[in-house]
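>>> requesting a structural model of the entry that follows:
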Amino acid sequence: MNKKKLALFMFSNDQEAAYLANALIEKGWNIKASLENMEILEKQGVKREHLTPFYWGASESFITPSDRTILSLRSRAKDRAYMEKKGIPRVDLVCVDFYAVKDHSQGSRWLFRSMKMESAKIFLLMAAIEGGRIPVCHPHERKDVADWIASGMPNKKNYLLRFTSSALLGIAQELLALGSYCDRLRQ
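Reported below is the predicted structural model:
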């Protein structure tokens, strides 16, 4: 039996997000997205029946997904067995981007919440990379990914390497930006 592929969306920049979502849906993929992202995608023409909510619950120490979807990013045999037992689908593509933390007026509480969310996004991308999933970090790459998937995913190894390298660069840039912002707050 050929299972449907699953994409996870968690973005702040909506550039080409609906284009990617619609291309995936046309190929038979399921889309999970945060409630805010679902609203954005709907406004841009993605039909609600093709979207499933991805709930995030905040804890004091870290932001963790409440519906256990994150486990489906892991690639260890033990995790795969648990996923099968619990009926948790495998995530095949992660579309995550970062937003620039620039607003000093919001205070340290806002910064702490923002850093938790950005850390969760970094974790999602790293888990996707580790598990051999398709990481989509930069909004300008969404159309390329959609067109590649629509064409049947030729040269998969080369494309995965390209998108993985790009996601790792995005993660490094985000970590540097967060560190720089925290350093400015200390002064």
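>>> what's the following helix or strand after the least confident helix or strand in the chain by mean pLDDT?
Every helix and strand of the chain was ranked by mean pLDDT, DSSP states H and E. The lowest is strand 63-65, at a mean of 43. Counting by DSSP states H and E, the element after strand 63-65 in chain order, helix or strand, is helix 77-86.
>>> and whichever helix or strand comes after that following helix, what does it pack onto?
Per DSSP H and E, the first helix or strand lying C-terminal to helix 77-86 is strand 93-96. In terms of contacts (3 or more CB pairs under 8 Å, 6 or more residues apart in numbering; DSSP states H and E), strand 93-96 is packed against strand 6-10, helix 17-26, helix 107-130, strand 134-136. (Glycine included, C-beta is placed from N, CA and C.)
>>> longest helix of this structure?
Using DSSP state H to define each element, the chain has its longest helix at helix 156-186.
>>> just want the angle from that one to helix 107-130.
Per axes from the mean of the first three to the mean of the last three CA atoms, to 10 degrees, the angle that helix 156-186 makes with helix 107-130 is 160 degrees.
>>> helices or strands up against helix 156-186?
Using 3+ CB pairs under 8 Å, 6+ apart: helix 156-186 touches helix 107-130, strand 134-136.
>>> and the angle for the first one with strand 6-10?
Angle, helix 107-130 to strand 6-10, by the same axes, to 10 degrees: 160 degrees.
>>> so where is the protein shaky, pLDDT-wise?
1-2, 55-72, 74-75, 99-111, 185 (pLDDT under 70).
>>> right, so the helices and strands packed on strand 93-96: which one is the most enclosed?
Most buried of the helices and strands packed on strand 93-96 by mean neighbour count (mean count of other CB atoms under 10 Å) is strand 134-136; its value is a mean of 27.
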